[in-house]
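Q: can't give you the sequence, but here's the structure:
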C-alpha cells in the first residue's frame, strides 16, 4: 500500500504527520524570528494540495477550537475582569472602537476593490490572525449551503493575509515607537505594582539604622512607602523569628527583605545598611523549601483566606507560576501547579508539604468533570441563535460560546467544591494541542482549493491585507497612546495578534508588559472579531 493510500485511510496518522512537520519547520528561525505553530497551517495546505482526498473529520475542528478557546478563557478570566474593575469600560470600549474602525476600513476596501464578501471576511480575519473568526465564517458558509467558490475565496484570502498580519503589526510598532518617543523604562516603573512583572526577584539582609522605621508596624510601613516587598526573618540580638504584619522593627534589627533589585535598593537606603552575610544562610532553626500546590481544596483561594499564621509558624515569600516569580501577598490567588516558597521551622515543613499536597503529578491533573461540564456549557451557548436585525441571526459557535463561559468560570476560580481553573502546565499543553488541531484541519481540508484559486487576484489580496494590517496597527497605537493614555508597552500587546509579535514586543519593552496587554484585550477581541467577521460576510453578501 502506498503512503498516499495509508494517509487517506488513516486521518489520525495524517493529522499528526502534518502537525509534527509543521512544528519542526516552524521552529527554524530567520533573523531570530520564527512562525512557530502557525506553520502547521501552511504544511497542511501543501498536503491538501498534493492529494485532494486527504480529509480530516470536522470533529477535529470543533474539538481543537473549543479546547483552545475555552482554555484561554479560563486563563484570562481573572485579569480580564480585574481590568474592568480598575479601568471601567476603558479597555472594552477602546477594543470595540479599534476593531470597529478596522472593520469599516475593510468595508471601504471591499467597496473600492470589488472583493467578494468571503474574500473581505477572510482578509479581516487573516490580518488579525484570528483563526476562530475564520472558522466561524467557514462554519456559517457550510451550514447555510454556501458555494465552493465562497469557501475558496475565504480560505485563500485568510491564508494570504495571515503572514501579512504578523508583518504589519511589527511594522506598525516600529513606526509608532519612534514617532511617539516611547520611554519603556518609565512605563515599567509606573506599572510594576499593577502587574506581576518582577520575575527577577532577589533578597537582601539589612540592619535597621533609621529611627523613623522603628516602632512602625510593617503593614503601615509597606503601605506608606508603596513598596512591593516581602519581609522574612528578623534577628533581634541572638533571637531569630519570622515577621508578621504587626512586627515593629527596632534599631539594630537585622531583617531579610525580598523583592526586585530596584525596590530592594530603595528600601535598603531608607531602612539602614545592607549586610554582606544574608540571614538565609543560617538554616539551623528556620529552613526554606519549594512546595508544589497539588491540593485542589486550596486552589482558587487567596493566601489570606488560608489563615496560615494561625496554623503554622511560617511565611510564604514567593510563588513561581510557569516561568514567573511573584511576591506572595494576601490577595494572591493560588493555582494548581504553583511552586510555593515557604520559610518555616524545620519540624513544620513536612506538615506544610502535606497541607499543600506537594505532588507534581497530582498538580498536573485535569478535573475532567469541571473541564468537561464547562465545555458543555460553552458549546451549548454557542448553538443559540442571536438575532441582530430582521431575519439576520448569528451564533457564537464553538469558539465564542466556550470563550464567554471560560471567562466567567475563570474569574470565579471555584464554585463551592468545584474548581474550574486548570493547572498552568496543563493549560499550556491544551492550548497548543487545540490550535494545532485547528490549523491542521484548515490546511489539509482546504489545500487543494487554496492552490487552485491562486491567480492575479492574490496580488490584490496581498496589497489590501498589507494596507489594512499596517493602518490598523498605527491607528490602535496612536489613539491608545495619545488619546486614551494607555502605556505603549501594553498597547504593543493589544496590537500583537500572534506569538511571534508578542515575543518581538516583549523584547522591545524589555519586560512582559506587552504580554499583559495581550491578555487584557484578547478575550474581548476574540469575541468581537468573531461576531464582526460573520456580520461582514452576511451584510456584504
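A: Now that the structure is in, tell me what you want to look at. What you are looking at is a predicted structure, and each value in this text was computed from that prediction instead of being measured. Numbering: from 1, shown residues only.
Q: following the host helix or strand of residue 362, which helix or strand shows up next?
A: Per DSSP states H and E, residue 362 falls inside helix 360-363. Beyond helix 360-363 on the C-terminal side, the first helix or strand identified by DSSP H and E is helix 368-383.
Q: any buried residues in that next one, and which?
A: 370-371, 374-375, 377-379, 381-382 (16 or more other CB atoms under 10 Å). The C-beta positions use only the backbone N, C-alpha and C, and glycine is treated the same way.
Q: repeat that for stretch 102-122.
A: 102-103, 105-106, 109-110, 115-122.
Q: between the residues you listed, which is closest to residue 269?
A: Top of the list for closeness to residue 269, among these and by CB to CB, is residue 102 at 48.3 Å.
Q: quick one, what contacts the closest one?
A: By CB atoms under 8 Å, 6 or more residues apart in numbering, the contact list for residue 102 reads 124, 127-128, 468, 472, 475.
Q: just the helices in the stretch 251-400 of the chain please.
A: All helices of the stretch 251-400 of the chain, identified by DSSP state H, counting those that start in this stretch, fall at 261-271, 303-306, 308-311, 346-356, 360-363, 368-383, 397-412.
Q: by mean pLDDT, show me the worst of the ones you listed.
A: With a mean of 76, helix 360-363 has the lowest mean pLDDT of these.
Q: in that helix, which residues are buried?
A: For helix 360-363, by 16+ other CB under 10 Å, it's 362-363.
Q: among the contacts of residue 102, find the lowest-pLDDT one for me.
A: residue 128 (83).
Q: phi, psi for that residue please.
A: phi -90, psi 10 (degrees, to the nearest 10).
Q: nearest to residue 290 among the buried residues of stretch 102-122?
A: residue 102 (45.4 Å).
Q: doesn't residue 396 make contact with residue 384?
A: Yes: when contacts are counted by CB atoms under 8 Å, residue 384 is listed as touching residue 396 (7.3 Å).
Q: now the helices of the stretch 251-400 of the chain as TSV including distance to residue 337?
A: Output for those, formatted as TSV (distance: least, CB to CB, whole Å):
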stretch	distance to residue 337
helix 261-271	27
helix 303-306	16
helix 308-311	19
helix 346-356	11
helix 360-363	4
helix 368-383	15
helix 397-412	15
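Q: out of those helices, flag the one nearest residue 140.
A: When the helices of the stretch 251-400 of the chain are compared by CB to CB, helix 397-412 sits nearest residue 140, at 8.1 Å.
Q: and the contacts of the closest one?
A: With CB under 8 Å, 6+ apart as the criterion, helix 397-412 contacts 62, 65-66, 69-78, 80-81, 132-133, 135-136, 139, 374-375, 377-384, 396, 420-421, 523, 526-527, 530-531.
Q: ok, now stretch 141-150?
A: 116-118, 140, 151, 154, 449, 537, 541.
Q: which pair in these spans the largest distance?
A: 449 and 541 (18.3 Å).
Q: show me where this protein has strands.
A: Taking DSSP state E, the strands of the chain run over residues 202-208, 230-236, 239-242, 254-259, 272-275, 286-292, 314-321, 324-327, 339-345, 385-389, 392-395, 414-415, 418-419.
Q: name the stretch among these that sits most buried.
A: strand 254-259 (a mean of 23; mean count of other CB atoms under 10 Å).
Q: before we move on, back to that, by mean pLDDT, show me the worst of the strands of the chain.
A: strand 392-395 (a mean of 72).
Q: ok, it: who's next to it in the sheet?
A: Taking DSSP bridges as the criterion, strand 392-395 sits next to strand 385-389 (antiparallel) in its sheet.
Q: which residues are in contact with residue 247?
A: Residue 247 sits in contact with 217-218, 231, 234, where contact means CB under 8 Å, 6+ apart.
Q: same thing but 7 Å
A: Residue 247 sits next to 217-218, 234 when contact means CB atoms under 7 Å, 6 or more residues apart in numbering.
Q: just give me the closest of those to residue 326.
A: For these, the nearest to residue 326 is residue 218 (19.2 Å; CB to CB).
Q: list the buried residues in stretch 211-223.
A: 213, 218, 221-222.
Q: ok now that stretch, how far from the chain's centre?
A: Centre-to-centre, stretch 211-223 and its host chain are 37 Å apart (CA atoms, centre = their mean, to the nearest Å).
Q: tell me the spacing between the spatially closest residue to residue 472 that is not a sequence neighbour and residue 120.
A: Excluding the flanking residues, the one nearest residue 472 by CB to CB, 6 or more residues apart in numbering is residue 102, at 4.5 Å. For residue 102, the distance to residue 120 equals 12 Å [CB to CB, to the nearest Å].
Q: what of residue 483?
A: 28 Å.
Q: residues in contact with stretch 350-370: which ones?
A: Against stretch 350-370 from outside (CB under 7 Å, 6+ apart): 291-296, 298, 312, 314, 336-337, 340, 342, 344, 418-420, 422-423, 425-426.
Q: again with stretch 203-211
A: Residues contacting stretch 203-211 (CB under 7 Å, 6+ apart): 249-258, 264, 268, 270-275, 277-280.
Q: what is the neighbour count of residue 338?
A: For residue 338, the neighbour count with other CB atoms under 10 Å is 24.
Q: can you check the one 10 residues further on too?
A: Applying other CB under 10 Å, we find 17 residues neighbouring residue 348.
Q: ok, now how distant is it from residue 314?
A: Residue 348 is 6 Å from residue 314, by CB to CB.
Q: who's more crowded, residue 384 and residue 396?
A: Remark: of residue 384 and residue 396, residue 396 carries more neighbours, 24 against 10, as counted by other CB under 10 Å.
Q: what's near enough to touch the more buried one?
A: Contacts of residue 396 by CB under 7 Å, 6+ apart are 381-382, 404.
Q: backbone phi and psi for it, please?
A: Residue 396 has phi and psi values of phi -70, psi -30 when expressed as degrees, to the nearest 10.
Q: so residue 164 touches residue 467, yeah?
A: No: Residue 164 lies out of contact with residue 467 (CB atoms under 7 Å); the separation is 9.5 Å.
Q: the two: which is more packed in?
A: Of the pair residue 164 and residue 467, residue 164 is the one with more neighbours under other CB under 10 Å, namely 23 against 16.
Q: give the closest residue to the more buried one in space, chain neighbours not counted.
A: residue 465 (4.1 Å).
Q: can you read off the pLDDT for the one you found?
A: 91.
Q: contacts only, for it.
A: Contacts of residue 465 (CB under 7 Å, 6+ apart): 123, 126-127, 160-161, 164.
Q: how about TSV for those, with distance to residue 49 added?
A: Shown next, in TSV, are the contacts of residue 465 (distance: CB to CB, whole Å):
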residue	distance to residue 49
123	21
126	18
127	23
160	15
161	19
164	21
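Q: among these, name the ones in helices.
A: 123, 126-127, 160-161, 164 (DSSP state H).
Q: burial of residue 7, as a residue count?
A: 20.
Q: quick check: residue 7 vs residue 76, distance?
A: Residue 7 is 37 Å from residue 76, by CB to CB.
Q: with the ones in helices among the contacts of residue 465 in mind, which one is nearest to residue 40?
A: Using CB to CB, these come closest to residue 40 at residue 126, 15.6 Å.
Q: relative to residue 461, how far out is the closest one?
A: Taking CB to CB as the measure, residue 126 falls 9 Å from residue 461.
Q: residues that sit against both of those two, list them.
A: 157, 160-161.
Q: select from the residues you listed the one having the most neighbours.
A: Ranking the shared contacts of residue 126 and residue 461 using other CB under 10 Å puts residue 157 first, with 31 neighbours.
Q: for that residue, what are its contacts?
A: 119, 122-123, 126, 461.
Q: between these, which sits nearest residue 513?
A: For the contacts of residue 157, the residue nearest residue 513 by CB to CB is residue 126; the value is 26.8 Å.
Q: any idea how many residues pack against that closest one?
A: 29.
Q: is it correct that residue 156 is in contact with residue 450?
A: Yes: between residue 156 and residue 450 there is a contact at 5.6 Å, judged by CB under 7 Å.
Q: neighbour-wise, which of the two wins?
A: Between residue 156 and residue 450, residue 156 has the larger neighbour count (other CB under 10 Å), namely 26 against 22.
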